[in-house]
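In: next come a sequence and a model predicted from it.
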Amino acid sequence: MSLTISVRELRNRTAAVVDAVRSGEQITLTVNRDPVADIVPHVEQRDPWVSSSVLREIVHEASADQDLLADLADVRGALVEDV
């Protein structure tokens, strides 16, 4: 459930708003009753890039199907319409 708070209320109750967001509340900020922004809890995002050593370890632990190269060789020679 989202709470709605005016800019004036935010100014007067900043600590309470921050506590609410920390506890998972989503807050809609309004100016003259017009929604202008959403204040939401921060979400850590994982970096999609990994080092080459980590990637090698992942590939080694979860190697591809042994027949994959043969399947790719078969498909490589075929036309798109034939696949």
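Out: Thanks, I have it. Numbering: from 1, shown residues only.

In: quick one: the strands in the chain?
Out: For the chain, the strands defined by DSSP state E occupy 2-6, 26-31, 34-39.

In: nearest to residue 12 among those strands would be which one?
Out: strand 2-6 (9.4 Å; CB to CB). All C-beta spots, glycine's among them, are computed from the backbone N, C-alpha and C.

In: what comes up buried for that closest one?
Out: residue 5 (16 or more other CB atoms under 10 Å).

In: do stretch 13-31 as well
Out: So stretch 13-31, judged by 16+ other CB under 10 Å, has buried residues 17, 20-21, 27, 29-30.

In: for this protein, which segments count as helices?
Out: 7-12, 14-22, 52-61, 68-77 (DSSP state H).

In: comparing those helices by mean pLDDT, which bottoms out?
Out: Among the helices of the chain, helix 68-77 has the lowest mean pLDDT, at a mean of 79.

In: mind giving me the packing neighbours of that one?
Out: Applying 3 or more CB pairs under 8 Å, 6 or more residues apart in numbering; DSSP states H and E, one finds that helix 68-77 contacts no other helix or strand.
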